[in-house]
Every structure is written in C-alpha cells, then in structure tokens.
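1. please find the sequence and the predicted model below.
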Amino acid sequence: MVKLKQMAKTLIYLEEKGFADFDALVNAAADAEKRFYDLKAAIKAAEARMSEIQTLRTHIMNYSRTRSVYTGYRKAGYSKKYLAEHEGDILIHKAAKKAFDAFGLKKLPTVRSLNEEFARLLAEKKAAYAEYHRAQEQMRELLIHKANAAYLLGLNEQNRQTTERQREEK
C-alpha cells in the first residue's frame, strides 16, 4: 500500500514537472546533484578563506603590537637579557613573521581590507547556504522520484538480472 502511494506521487510529480521520459528525469537528477555539490564546494571554500582571514588578522595585530619590542631586541644586539625580559612578545612576533611567510605574503594586507573581504565572504556564504538547502531538497526529491520511476519501469530488476548473467558467464 505504501509503495502504491509513493508510485502514485511519483507519477503525479513527473506529469507536473513535464518529464516525458526516464532519461529526462535522470538528467535533471544529475544536474541537481552537480548543483548541490558545487554549492557545497563553494561554501567550504568560503569557510576556508574566512578561517585564513581570521588567522591572518590575529597575526597582523600581534605583529604590530610586538614590533617595538622586537625592534628593541634587535637594537640590543639580540641580547639574552633583553630576550629573557620580553620572551613572550618576541615569540609572538616571530610566530607572526613565520605565519606571514607560510601565507607567502610580501606585503601585509590591512586589517580593514581583511575585514571587508571577510564581510563579503560571509554574505556570499549566507546566500549560498540558503540556495544550498533548496538544492539539497530538490536533489533529494528528484533522486527519490528517479528511484521510484526506475522501480516502476522495472529497471532495477533488469539491472539485477544483467548483473547475475555477467557473474554466471565469468
């Protein structure tokens, strides 16, 4: 009884959406999957860049806050006494410089430009997230109806029989 209701819903869906044949449904499902995974990748890329920006912003602020201490350390001729007095700030400064090298930066971006890029990425991510949920729902719906249509057409049974024949031939 449940299968019958699902199949009826699938037939109604296919008529409403204008799918004339199974291949059109398969293509629509594939397109929906591709769109879903493209949006997912775009969201992940934005999140990764936003994480980089946060890290970079922290290092820039630490670098600028500890610059005078490190300059004093250099002027003191890299004195062990000066290092002992300001070891925490000097280590923070060196860590920031190391991070800049890891990012491959020749010139430091401004915190303001990083904040603007972060805000832009956040807005894009929010917009993509809304679209992502719609695409996910559409993909699920199409995949369910595709599976139901395949069942109606007996494609699953044909595929199973073909697979069994291939195994027997080997």
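-> Structure's in. What do you need?
2. contacts and neighbour counts: CA atoms only from here.
-> OK.
3. how much space separates the residue nearest to the spatial centre of the chain from Leu122?
-> With distances taken as CA atoms, centre = their mean, the residue of the chain nearest its centroid is Lys44 (1.6 Å). Going from Lys44 to Leu122 by CA to CA, to the nearest Å gives 12 Å.
4. ok, now Ala149?
-> Relative to Leu122, Ala149 is positioned 40 Å away (CA to CA).
5. looking at those two, which one has more neighbours?
-> More crowded of Ala149 and Leu122, by other CA atoms under 10 Å: Ala149, with 22 against 16.
6. quick one, what contacts that one?
-> The contact partners of Ala149, by CA atoms under 8 Å, 6 or more residues apart in numbering, come to Met7, Thr10, Leu11, Phe22.
7. any weak-confidence spans in the protein?
-> 1-2, 155-170 (pLDDT under 70).
8. wouldn't Leu83 be in contact with Ile90 here?
-> Yes: with contacts counted by CA atoms under 8 Å, Leu83 reaches Ile90, the gap being 7.3 Å.
9. which one's more surrounded, those two?
-> Remark: of Leu83 and Ile90, Ile90 carries more neighbours, 22 against 19, as counted by other CA under 10 Å.
10. mind checking the SS state of that one?
-> At Ile90 the chain is in helix, as set by DSSP: H, G, I helix; E, B strand; the rest coil.
11. residues touching it, list them.
-> Contacts of Ile90 by CA under 8 Å, 6+ apart are Thr66, Val69, Tyr70, Leu83.
12. where's the second one relative to His93, distance?
-> In this structure, Val69 and His93 are separated by 9 Å, where distance is defined by CA to CA.
13. neighbour-wise, which of these two wins?
-> Taking other CA under 10 Å, Val69 and His93 do not tie; His93 has more neighbours (24 against 18).
14. might one say that the more buried one is in contact with Ser68?
-> No: using CA under 8 Å, His93 is not in contact with Ser68, being 9.9 Å away.
15. spatially nearest residue to Leu143 (excluding sequence neighbours)?
-> Nearest residue to Leu143, sequence neighbours excluded (CA to CA, 6 or more residues apart in numbering): Ala29, at 6.0 Å.
16. give me the element that neighbour is part of.
-> helix 22-75 (DSSP states H and E).
17. repeat that for Tyr13.
-> helix 2-17.
18. before we move on, what about Ala20?
-> Per DSSP H and E, there is no helix or strand for Ala20.
19. for it, which non-adjacent residue is closest in space?
-> Closest to Ala20 by CA to CA, 6+ apart is Leu14, at 7.7 Å.
20. same check on Ala76?
-> Tyr82 (7.2 Å).
21. against Lys97, how distant is the one you found?
-> On the measure of CA to CA, Tyr82 and Lys97 end up 19 Å apart.
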